[in-house]
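1. my questions concern the predicted model and sequence given below.
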Amino acid sequence: MELIAGDIGGTKSWLAWVTGEVEGGQQLRFERVYASAAFVTADDLIRQFVADAQLPISPDCLLLALPGPLHAQHTTLTNLDWTLDVADMAATLGIASVRFINDFQAAAAGVATLTAADVIALNPQVVEPGGVRAITGAGTGLGLAFMLADASGCYRSFASEGGHIDFAPANAMQARLLEQLRNIYGHVSWERVASGLAMSDLYHFCGVEQSTALPDEPVDGAALIARVETGDQAAQAALDLFIDLYGSWVGNVALLYQPRGGLYVAGGIAVHLQARMQSPRFMGAATDKGRLRSVVERTPIFLITYSRLGVQGAIATAFAPP
């Protein structure tokens, strides 16, 4: 099988060309990361990747992990202006087998390929063999999936759009944030407060809280970190608020799934804020669950530092036995 596997994100898309057989060895032929916004359609991205690969063969399979809800192998992406359909892509690209999965379903499949060197324990608790696993993570958006072991102990991953459930504030300050965002967006999901998309809104909210004049242009996570280093107090407050919100979300996931097999936190933002993620502030927010605090405290929680998780999970899914 000549496979192109892709982890498509709102900011970047990671593609890999792999040859191999189901339950056999695989070999990486070519790999590249692209800025997603540089392409008008997913077809354009795949054509560019094939051209860049310069291989004397053609792919016969394409599997894309996509950020958004899938229905009958058709989707419009959440944070990227692309609409994709399996039958259309197969016809226009001339690839015999095309398949879509949710991006965090791919990330979940990638968890099984990780080693101890690829994770950091945020809450070092005993992992229950065969226990439920969950994975969540803030990138451009906020993803969530879970994994269940079958009778043989192999895990199967299941997609979720949990990042779009209603945001619930944990204190008066977060209630003011909710009200401000509701005036802007109407519906306020957890993705609106715990993702790359949220960074600019959090910064401007903290500026209002501190009565500080801020620039009108959007500010992303990298810019926030840079502003902290210059002594920008609103930027510092925004990152602290983000850690509080992200921790609270991870605690919610622990309550939702009780993932004794491990709760994994993925996404580029967590890696860039690794020191903050390992601070007592993060787990303090995660475990602030009132009467059920102990459920989160017993949950093994890991930060994934491996950058290739999504595409590796997509490859694993493509080569998994039926």
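-> Arrived safely, thanks for sending.

2. for the rest of this, base every contact and every neighbour count on C-alpha atoms.
-> Will do.

3. name the helices or strands packed onto the helix ranked longest in the chain?
-> Longest helix in the chain, counting residues (DSSP state H): helix 233-257. Judged by 3 or more Cα pairs under 8 Å, 6 or more residues apart in numbering; DSSP states H and E, the packing partners of helix 233-257 are strand 133-138, helix 199-209, helix 221-229, helix 280-286, helix 293-297.

4. can you list the domains in the chain?
-> Per automatic domain parsing, the structural domains of the chain span 2-108+308-318, 116-305.

5. same list (those) but as CSV, adding mean neighbour count and mean pLDDT.
-> Listed next are these as CSV, based on neighbours: other Cα atoms under 10 Å; pLDDT from 0 to 100:
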stretch, mean neighbour count, mean pLDDT
domain 2-108+308-318, 18, 94
domain 116-305, 18, 95
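
6. show me what secondary structure element comes after the helix or strand where L45 lies.
-> According to DSSP states H and E, L45 maps onto helix 42-53. Downstream of helix 42-53, the next assigned helix or strand under DSSP H and E is strand 61-66.

7. between helix 42-53 and that next one, find me the angle.
-> Strand 61-66 and helix 42-53 meet at an angle of 120 degrees, taking axes from the mean of the first three to the mean of the last three Cα atoms, to 10 degrees as the criterion.

8. ok so, going back, mind giving me the packing neighbours of the helix holding L45?
-> strand 26-35, helix 86-93.

9. now these as a markdown table including distance to G9?
-> Below are the helices and strands packed on helix 42-53 laid out as a markdown table (distance: least, Cα to Cα, whole Å):
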| stretch | distance to G9 |
| --- | --- |
| strand 26-35 | 9 |
| helix 86-93 | 18 |
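
10. to V126, which of the ones you listed lies closest?
-> Among those, the nearest to V126 by Cα to Cα is strand 26-35 (32.7 Å).

11. circling back: V18: which of the helices and strands packed on helix 233-257 is closest?
-> strand 133-138 (25.1 Å).

12. just the CA atoms of whatever helix or strand comes next after the closest one, as PDB, please.
-> Scanning forward in sequence from strand 133-138 by DSSP H and E, the next helix or strand is strand 142-149. Output of strand 142-149 as PDB, limited to C-alpha atoms (Å, rounded to 0.1, in the frame of the first residue of the first chain):
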ATOM      1  CA  LEU A 142      -9.900  22.200  21.400                       C
ATOM      2  CA  GLY A 143     -10.000  18.500  20.600                       C
ATOM      3  CA  LEU A 144     -11.300  15.500  22.600                       C
ATOM      4  CA  ALA A 145     -11.400  11.800  22.000                       C
ATOM      5  CA  PHE A 146     -11.500   8.600  24.100                       C
ATOM      6  CA  MET A 147     -10.200   5.100  23.700                       C
ATOM      7  CA  LEU A 148     -11.700   1.700  24.800                       C
ATOM      8  CA  ALA A 149      -9.800  -1.600  25.000                       C
END
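
13. any idea of the angle strand 142-149 forms with strand 133-138?
-> 170 degrees.

14. give me the sheet partners of strand 142-149 and which way each runs.
-> If you go by DSSP bridges, strand 142-149 pairs up with strand 133-138 (antiparallel), strand 155-160 (antiparallel).

15. ok now the last one, how far from the chain's centre?
-> Relative to its chain's centre, strand 155-160 lies at 14 Å (Cα atoms, centre = their mean, to the nearest Å).

16. which outside residues touch that strand?
-> Contact with strand 155-160 is made by 102, 104-106, 108-109, 112, 143-150, as judged by Cα atoms under 8 Å, 6 or more residues apart in numbering.

17. swap in the first one?
-> Around strand 133-138, the neighbours that count as contacts under Cα under 8 Å, 6+ apart are 104, 107-108, 142-148, 194-196, 250, 253, 257, 259-270.

18. residues contacting the closest residue in space to S36 that isn't next to it in sequence?
-> Once flanking residues are discounted, S36 sits nearest to K12: 4.8 Å by Cα to Cα, 6 or more residues apart in numbering. By Cα under 8 Å, 6+ apart, the contact set of K12 is 33-37.

19. let's see that with 10 Å instead.
-> K12 sits next to 33-38, 140 when contact means Cα atoms under 10 Å, 6 or more residues apart in numbering.

20. do the same with I269
-> 137-140, 194-196, 221-222, 277.
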